[in-house]
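> Sequence plus the predicted model coming up.
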Amino acid sequence: MHFSVAVATLVVLRAVAASALSSGDDGLSASINSGVDPAAGKSIGKRMMRLEKSMAVVISSNSASQFENSMTTPGGKLASEEEEDAHSIEKCPIPEEMHSLSNYPSLHEGPYTHSPSMLRDKYKVNITDDDGKTFTELFGPTSPIVFFAVRGSRLFQRGGNIGPVASVFQNFAQMLGHATQGPDMLSVGADFCYDATDNDAFALDRLRDAELYCASPITWMPAAYPVIAVPNYYYEQSLVHTSSGPLTVIPWEQKVSKIFWRGGLTGTLDMYTGGSADPFFNLPRVVSYKLAQEHPDVFDFGFTGFDEQLTDRYMGGRRTKEQAEFLGGLQIQQSVNFSVELPRFKYLLNIDGIVVAWRLRDLLRSGSVVFHFVGKSAEFFFRDLTPWKHYVPVHDIQEVPTLYAKLEADPELAQSIAAAGKDFADTRLTVAGQDCYLSRFLEFVSNRTAYKLADPAGLREMGFFEVDV
C-alpha cells in the first residue's frame, strides 16, 4: 500500500478549491460539493478561517491553567475534574467504531513512562513504501506518526509541524481542538498518535506494540489495533465547502435509472485479487469500468483522469500490451459538479481507489441509493451504517447488475434505502456530529489510559508544543 492519504491531501491543499469541480481522484470529489450544514452556526465561519490560515502551528504562550499542576488518576481522568456531572457528550451516540474496539486493552505504560524526558526509540519510526521510498524521503523531515496530548480543553502536539505534510496534522489538530472546547471535556486526558500513512501493515507491524492508541483517517476491515478511525481533511471539506453550491433536490420519479460514477483511475496493485493474473485488471475501478462497458443500459461510468502514482510510479511507466490497449481506449471525461450530478441518478457507485474513496457522505446526502463496495478500508463512520438500510453492500463488483435489477423491481425498497441514507447523512454527518465523534474518541482513549499522564510542563520538556485552538 502507499502513502496516498498524505499525497492526496497535499494535492488538494495546493489546488484552488473553487476551481476543482470534483469528480476526480479519491477525496477530491468529496471535498468540494457539500453545502454548509445549517445547524453549524458561527462555528463554520470560525472553522473556515482556521482552514484558510497558514499551516504554521501557533504556539500558545498562555501557561497559566488549572491543568498545569493537577494531573491524573488511573483511568486518564484529570484529578481536578472527577465529578460525575452529566455533560453534553452523553447526548452523543457511541459510534460503532468504538464498540468494534471493545477488546482493545487498557494501557498501563505510556510513551514516556520509562523515560520522562524523552519518547522511547520505538516511536521514532520510519516506513518504506512499495517502491523503496521512505516516508521521510517522500515527505520531508517528519515521522509518519505524530503525537497529541489532550489535557481538558488544551491540546499539545509533538512533531508534524515541519515538512510538506504538516498540513495533514494541522488540519486534524484544528478539528480535534474544536471538539475539546465543550465544558464536558474538562475531565478528559488522553495521549495518542496520529498515523499519517494508509498502510495496514504499518499499523500491524510497527504500531501494535507501541502501547499507545493511534488515530487514523481509515478504519480497517477488520479493525487493526491500535488504530482508531477519525475524520480527515476530505470529510472536513465536505462539511464546510460551499464553492459548488447547494445540493440539487430531484424527486425520485425524475431521477435517471442508472448507476452513476465519476473519478480517477487509481488503485493499489497489491491489494485486490480477482479473476485476472494481472493485478491491474483486478483493480476495483478497472473491473467496474469493464463491467459498465458490458452493461451500458445500467451504468453511467467514466474516468476523469489517471493517477500518475499508478500509471507511472508504481507501474514504472511500463505497460503490457493489454494494459496499453485498455488505457489507450479510454475516453477521459470532464469533471462534474457532484452537488448537481449525484442527485440526478437513482443509483450511485462507491468504489475504492488506493484505499476507500473519500466521498460517502456526499453520496448518501444525494437522496439516491449508494452501491458501496465493501473493501479492506472504510471511512470513520462506516460501521454506523446498516447494509440494506442505508446502502447496498457490494462484495463482488460483478454482482452489481443483479443488485440493480433487484432494486428496479422493488422501487419501495430502493426509495427506503435512499431516504435512510440521506437521513443518516443529514442528522449524523454534520459539524456537531463530527465534534460528537471526536469527543467519544477522546473519551474512549481516556477511559483506557491507566498510567499517570504528564502535565503540560512535562509535555513541553519532551518537545510538545501547545496548539492554539
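Arrived safely, thanks for sending.
> all strands of the stretch 201-350 of the chain, in order?
For the stretch 201-350 of the chain, the strands defined by DSSP state E, counting those that start in this stretch occupy 214-216, 219-220, 227-229, 256-265, 299-306, 345-350.
> what's the least confident stretch among those strands?
Among the strands of the stretch 201-350 of the chain, strand 219-220 carries the lowest mean pLDDT, at a mean of 86.
> Give the other helices and strands that it contacts.
Contacts defined by 3 or more CB pairs under 8 Å, 6 or more residues apart in numbering; DSSP states H and E place strand 219-220 against strand 227-229, strand 377-378. Where C-beta positions appear, they are placed from N, C-alpha and C, glycine not excepted.
> Which among the strands of the stretch 201-350 of the chain is found nearest to residue 94?
strand 227-229 (13.0 Å; CB to CB).
> Could you look up the next helix or strand downstream of the helix or strand of the chain with the lowest mean pLDDT?
Of all helical and strand segments in the chain, the minimum by mean pLDDT, DSSP states H and E falls on helix 42-52, at a mean of 34. Remark: after helix 42-52, the chain's next helix or strand is helix 96-99, criterion DSSP states H and E.
> Rounded mean pLDDT for that next one, please.
Mean predicted lDDT for helix 96-99 stands at 91.
> Now residue 267: closest residue in space that isn't a chain neighbour?
Excluding its sequence neighbours, the residue lying closest to residue 267 (CB to CB, 6 or more residues apart in numbering) is residue 283, at 3.6 Å.
> I figured that neighbour was touching residue 276, is that so?
No - contact between residue 283 and residue 276 fails when scored by CB atoms under 8 Å: they sit 9.6 Å apart.
> neighbour count winner among these two?
Using other CB atoms under 10 Å, the more surrounded residue of residue 283 and residue 276 is residue 283, with 25 against 13.
> what sits opposite the closest residue in space to residue 349 that isn't next to it in sequence in the beta ladder?
Among residues not flanking residue 349 along the chain, residue 261 sits closest, at 4.1 Å (CB to CB, 6+ apart). Residue 261 has the following beta-bridge partners by DSSP bridges: residue 301.
> check contacts around residue 261.
288, 292, 299-302, 348-349, 351 (CB atoms under 8 Å, 6 or more residues apart in numbering).
> re earlier: put together a markdown table for the strands of the stretch 201-350 of the chain, with distance to residue 150 on each row.
Listed next are the strands of the stretch 201-350 of the chain as a markdown table, based on distance: least, CB to CB, whole Å:
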| stretch | distance to residue 150 |
| --- | --- |
| strand 214-216 | 11 |
| strand 219-220 | 21 |
| strand 227-229 | 14 |
| strand 256-265 | 36 |
| strand 299-306 | 39 |
| strand 345-350 | 33 |
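> The ones you listed: which one's closest to residue 147?
The nearest among those, by CB to CB, is strand 214-216 at 9.6 Å.
> helices or strands up against that closest one?
Against strand 214-216 (3+ CB pairs under 8 Å, 6+ apart) you get strand 189-195, strand 227-229.
> Just checking: what are the partner strands of the longest one?
Applying DSSP bridges, strand 189-195 is found paired with strand 145-151 (antiparallel), strand 214-216 (parallel).
> Now these in TSV, please, with extra columns for distance to residue 355.
Shown next, in TSV, are these (distance: least, CB to CB, whole Å):
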stretch	distance to residue 355
strand 145-151	18
strand 214-216	11
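> got TSV for these, with mean neighbour count and distance to residue 323 too?
Formatted as TSV, the strands paired with strand 189-195 follow (neighbours: other CB atoms under 10 Å; distance: least, CB to CB, whole Å):
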stretch	mean neighbour count	distance to residue 323
strand 145-151	25	35
strand 214-216	25	32
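> among those strands, which is nearest residue 248?
Using CB to CB, the strands paired with strand 189-195 put strand 214-216 closest to residue 248, at 33.3 Å.
> Let me see the residues that make contact with the closest one.
145, 148, 172, 192-195, 203, 207, 226-230, 441.
> Can I have the buried ones of those residues as a ChimeraX selection?
Buried residues within the contacts of strand 214-216, by 16 or more other CB atoms under 10 Å, are selected in ChimeraX with:
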select :145,148,172,192,193,194,195,203,207,226,227,228,229,230,441
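> how far away is residue 181 from residue 90?
17 Å (CB to CB, to the nearest Å).
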